[in-house]
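Visitor: Here's my sequence, what's the structure:
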Amino acid sequence: MKRRLISKALITTVLAMGGIASVQAQTKWDLPAAYPANNFHTENLVQFANDVEKASGGKLKITVHANASLFKAPEIKRAVQGGQAQIGEILLANFQNEWQLFGADGLPFLADSYEESFKLYKAQRPFLEKKLAEQGMILLYAVAWPPQGIYVKKPINSAADLKGVKWRAYSPSTARIAELVGAQPVTVQAAELSQAMATGVIESYMSSGSTGYDTKTYEHIKYWYDTQAWLPKNAVIMNKAAFDALDAGTKQAVLKAGADADARGWKVSQAKNGEYIDLLKKNGMNIVTPSAQLKADMKKVGDVMLKEWLEKAGPEGKALVDAYNKL
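Guide: Numbers count the residues shown, from 1 in each chain. Below is the predicted model of the structure:
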């Protein structure tokens with residue numbers, strides 16, 4: 001009788017331990033992002049995280065940390081690479097100094113529409129996957145920002161009108177544009193942009209209608225020149241060891257949710273572009289079509305930067321541009 005009681009107690013303990021193990025079996029990932037919670041990129045990340053949790057039956061929970069609350073924008077790639085975060089969203093152009101091909105989508109007028117930008121993405125993806133794999137990471141997906149224009153406090157007719165203007169630089173390419181037009185580059189990340197405008201640290205910058213609305217740029221700057229200069233991409237990257245540690249079903253859930261987020265993000269970006277421009281107008285922003293002179297000046301800037309980029313990027317860069325031009 002005593003042995004039977006011990007056996008029952010043992011079975012109960014084992015079952016209880018199994019219950020605890022199943023509760024603890026949930027894997028948790030942190031996903032740092034640099035942009036506000038209401039930005040369409042961040043909303044897409046949240047949808048992706050929800051899709052993963054649902055498809056994995058709760059085995060993988062991904063927490064999105066918006067607005068650079070966990071890591072600042074330039075720190076996210078290193079955090080994912082080092083395993084401090086298992087997955088993260090980065091602006092590829094931020095890392096051009098590390099490897100030139102990260103900045104291909106930040107070259108002015110190389111790809112200046114959604115159709116051209118998606119072609120560039122298709123050409124760029126194999127190069128990105130190879131490089132990130134060498135660094136212990138996986139490219140899950142990437143989504144373009146809306147086309148970039150020039151926010152500036154005063155009307156401008158040519159690039160010469162930007163001479164001496166305090167210009168926000170957030171990547172090597174935006175800093176180089178400032179140098180080429182004679183503006184004064186000031187490094188300001190997305191999370192600090194509103195404050196930088198409010199305190200007069202910057203008077204001008206290049207970005208999309210999305211960023212202008214998110215940061216209430218219209219409260220400080222009243223002109224946006226729709227140059228459609230380039231469409232930079234945010235990429236979602238994963239730590240390879242963290243991904244490899246998942247079971248097969250959960251891996252599939254992540255890849256499927258990533259593919260869905262990729263397709264959804266591009267559609268939303270394009271739809272939001274028009275919405276954001278309308279919202280900027282409603283809030284007092286002057287949406288201006290660039291003059292022929294300004295267009296010509298900025299095209300020259302683009303030509304100089306492409307030539308410089310190809311010299312730095314070498315055979316890989318040429319292979320990428322050739323692949324893009326064939327699509």
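
Visitor: now the helices for this structure?
Guide: Here the chain has its helices, by DSSP state H, at 2-24, 40-55, 76-81, 114-134, 172-181, 193-198, 209-214, 240-244, 248-282, 292-326.

Visitor: With mean neighbour count and mean pLDDT added, can I get those in CSV?
Guide: Where you see a C-beta, it was placed from the backbone N, CA and C, and this is true even at glycine. Output for the helices of the chain, formatted as CSV (neighbours: other CB atoms under 10 Å; pLDDT from 0 to 100):
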stretch, mean neighbour count, mean pLDDT
helix 2-24, 9, 49
helix 40-55, 20, 98
helix 76-81, 22, 98
helix 114-134, 17, 98
helix 172-181, 21, 95
helix 193-198, 18, 96
helix 209-214, 23, 93
helix 240-244, 15, 98
helix 248-282, 17, 97
helix 292-326, 15, 97
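
Visitor: Using JSON lines, please lay out these together with distance to Gln148.
Guide: Converted to JSON lines, the helices of the chain look like this (distance: least, CB to CB, whole Å):
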{"stretch": "helix 2-24", "distance to Gln148": "46"}
{"stretch": "helix 40-55", "distance to Gln148": "15"}
{"stretch": "helix 76-81", "distance to Gln148": "21"}
{"stretch": "helix 114-134", "distance to Gln148": "11"}
{"stretch": "helix 172-181", "distance to Gln148": "9"}
{"stretch": "helix 193-198", "distance to Gln148": "14"}
{"stretch": "helix 209-214", "distance to Gln148": "9"}
{"stretch": "helix 240-244", "distance to Gln148": "32"}
{"stretch": "helix 248-282", "distance to Gln148": "11"}
{"stretch": "helix 292-326", "distance to Gln148": "11"}
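
Visitor: Nearest to Lys153, out of the ones you listed?
Guide: Among the helices of the chain, helix 193-198 comes nearest to Lys153, with 9.3 Å by CB to CB.

Visitor: outside of the closest one, which residues touch it?
Guide: With CB atoms under 8 Å, 6 or more residues apart in numbering as the test, helix 193-198 has contacts from 168, 186, 188, 201-202, 205, 211, 215-217, 219-221.

Visitor: hmm, 7 Å instead?
Guide: Helix 193-198 is contacted from outside by Arg168, Val188, Ile202, Thr215, Lys216, Thr217, His220, Ile221, using CB atoms under 7 Å, 6 or more residues apart in numbering.

Visitor: with these in mind, which one is nearest to Val301?
Guide: Val301 lies nearest to Arg168 out of the contacts of helix 193-198, by CB to CB, at 16.2 Å.

Visitor: If the closest one is in a bridge, with which residues?
Guide: Beta-bridge pairing for Arg168 (DSSP bridges): Val186.

Visitor: can I assume it is in contact with Glu203?
Guide: No: here Arg168 does not reach Glu203: they are 8.9 Å apart, not a contact under CB atoms under 7 Å.

Visitor: re earlier: among the contacts of helix 193-198, name the buried ones.
Guide: Arg168, Val188, Ile202, Thr215, Thr217, His220, Ile221 (16 or more other CB atoms under 10 Å).

Visitor: Which of these fall in strands?
Guide: Using DSSP state E, Arg168 are the members of the buried ones among the contacts of helix 193-198 that sit in strands.

Visitor: okay, the buried ones among the contacts of helix 193-198 in TSV with distance to Leu128 next?
Guide: Below are these laid out as TSV (distance: CB to CB, whole Å):
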residue	distance to Leu128
Arg168	26
Val188	26
Ile202	30
Thr215	28
Thr217	30
His220	35
Ile221	33
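
Visitor: Out of the buried ones among the contacts of helix 193-198, flag the one nearest to Gln84.
Guide: Using CB to CB, Val188 comes nearest to Gln84 of these, at 24.3 Å.

Visitor: Need the pLDDT of Ala191.
Guide: Ala191 carries a pLDDT value of 87.

Visitor: Please give me every residue in contact with it.
Guide: Ala34, Asn67, Ala68.

Visitor: for Glu129, same thing?
Guide: Leu139.

Visitor: Please tell me how far it sits from Ala79.
Guide: 20 Å (CB to CB, to the nearest Å).

Visitor: out of the contacts of Ala191, which is most surrounded?
Guide: Neighbour counts for the contacts of Ala191 (other CB atoms under 10 Å) peak at Ala34, which has 29 neighbours.

Visitor: The closest residue to that residue other than its chain neighbours: neighbour count?
Guide: Residue nearest to Ala34 in three dimensions, not counting chain neighbours: Ala73, with 3.8 Å by CB to CB, 6 or more residues apart in numbering. Residues lying near Ala73 (other CB under 10 Å) number 22.

Visitor: ok, Ala73 - contacts?
Guide: With CB under 7 Å, 6+ apart, Ala73 has these contacts: Ala34, Leu91, Asn94, Gln189, Ala190.
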